[in-house]
Every structure is written in C-alpha cells, then in structure tokens.
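Q: Predicted coordinates and the sequence they were generated for:
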Amino acid sequence: MMDILIGIVCLVALIALKSAMGHRAQRRFTIAWEEAQVEIARGNHESAMVHVADCVRLMPLWLPPRFLLGSLLARHGKLAEAEEQYKMARALQPREAVGYVELGIFYITMANRVDDGITQLREALAHDASALQRIESDPRLREFRDSPAYGTLEQR
C-alpha cells in the first residue's frame, strides 16, 4: 500500500514539475518575442535575430518566429540560413499552403530565384486554392505581380 502511495506522490510531483517547466518556457518565450519586437521597432535587426532565434529554440513548432528569423537572416545576406528556416517551417506543416507561400516569397523577393519561387507558389495553390488571394494581395509580391513572370504562375 505504501508503494502505491509513494508512486502517486511521485507522479503528482512529476506532473507539477512538468507544468512549472512549461510555464517557465512560455514566459521565457513571451519575453524573447516582446524583446524581438522592440528591437525590430528600433531597427536593431541583429539583436532582434538573437531574440527570435531564442523563440524558435523555445517553441520550435510555431511558424511565425521561423518566418521572421528567415526574413531577418535574409536582410543580413545570410540566404542559406534563411532558406533553411523557411524550409523547416514548410516541413513542419507540409499540408498547409502558408509555408510554401512564405518560401516562394523568399525566393522571389530576397533570393532572386523567381523560378523556384513560382514552383513554391504553385505548390501552395495545389494545397489550398485560397492561397491565390494571399499571393494577389501580399505587398511583398507587388513587383512580382507586375512582372511577366507572374503570368507563368497560372501555367502548369
């Protein structure tokens, strides 16, 4: 009987510890995310990258920090590392169009790889036809929409 009681107490202690660690990680994430936003507002992108990288480390499955880190890395000319972040985000949710759209935008606007970008946008449309609305309205793609390459998006 005492063994069962000790087992229950240990189980409750482990659950409490797990919960406390989860709350601590969430709090650290929130602080890092807020600090990243402040640094971006100040124009200090290198410091923001450090905070966003912390966010990715603390919550690796949440996509917005990966997209933001990819964007910040690309702005600093670290295109390979940026591409890695976008590809990881796409791989985390392979059935969702958002990862393909963001990777396509990266290729078109930052990496000067328009054909690869079009391929990714086509993949996004194959996963979700409503991605077209985002492609047609995203301000980052304004120049692309005005180019002849945009017409090739519909061709398959």
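A: It's in.

Q: Show me what the lengthiest helix in the chain packs onto, helices and strands only.
A: Criterion DSSP state H: the longest helix present in the chain is helix 2-42. Packing partners of helix 2-42 (3 or more C-beta pairs under 8 Å, 6 or more residues apart in numbering; DSSP states H and E): helix 45-58. Every C-beta, even on glycine, is put in place using the N, C-alpha and C of the backbone.

Q: The helix it packs on: what's the following helix or strand?
A: Following helix 45-58 in sequence order, the next helix or strand is helix 63-75 (DSSP states H and E).

Q: domains for the protein, by residue range?
A: Listed by automatic domain parsing, the domain ranges of the chain are 1-59, 79-156.

Q: Go through those domains and find the least confident stretch.
A: Lowest mean pLDDT of the domains of the chain: domain 1-59, a mean of 85.

Q: from the chain's centre, how far out does that domain sit?
A: Mean-position distance between domain 1-59 and its chain equals 18 Å (C-alpha atoms, centre = their mean, to the nearest Å).

Q: Likewise for stretch 116-126?
A: Remark: stretch 116-126 is offset 17 Å from the chain centroid, using C-alpha atoms, centre = their mean.

Q: With stretch 93-102 instead?
A: Relative to the centre of its chain, stretch 93-102 is centred 10 Å away, using C-alpha atoms, centre = their mean.
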